[in-house]
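> Please find the sequence and the predicted model below.
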Amino acid sequence: MKKFVKMGSVVFGMIALTVSAAFAQVSAGINPAADLGKYKTFAWLRPDVKAGPNPMYNSDLLSATVKQSVGTELLTRG
């Protein structure tokens, strides 16, 4: 019985996470007149976010991983 309750809790948690992720809203804007072909370099700015001590927002490892992944993709695309 304990195994059933534990498994049910795990399944319920996974369903709850899946449902909450389905409602994320993302928006993007683009200027059709912009000539993006002329840009050949990029740089990282110092973040101006006051995130506090939360490691989800203030993580050197996460920042380095994102910068490396985005940098690799930008260099691949030219």
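Received it, and whenever you're ready, just let me know what you need. Numbers count the residues shown, from 1 in each chain.
> At the geometric centre of the chain, which residue do we find?
In the chain, the residue lying closest to the centroid (C-alpha atoms, centre = their mean) is residue 66, at 8.1 Å.
> for the lengthiest helix in the chain, what is the average pLDDT?
Looking across the chain with DSSP state H, the single longest helix is helix 2-22. When pLDDT is averaged along helix 2-22, the result is 79.
> Work out the gap between it and the centre of the chain.
With C-alpha atoms, centre = their mean, to the nearest Å as the basis, helix 2-22 stands 23 Å off its chain's centre.
> For it, name the packing helices and strands.
Helices and strands in packing contact with helix 2-22 are not found; criterion 3 or more C-beta pairs under 8 Å, 6 or more residues apart in numbering; DSSP states H and E. From N, CA and C alone the C-beta is placed, and that goes for glycine too.
> What is the neighbour count of residue 58?
14 (other C-beta atoms under 10 Å).
> before we move on, what about residue 41?
So residue 41, with other C-beta under 10 Å, has 5 neighbours.
> Okay, it and residue 30: tell me how far apart.
Taking C-beta to C-beta, to the nearest Å as the measure, residue 41 falls 20 Å from residue 30.
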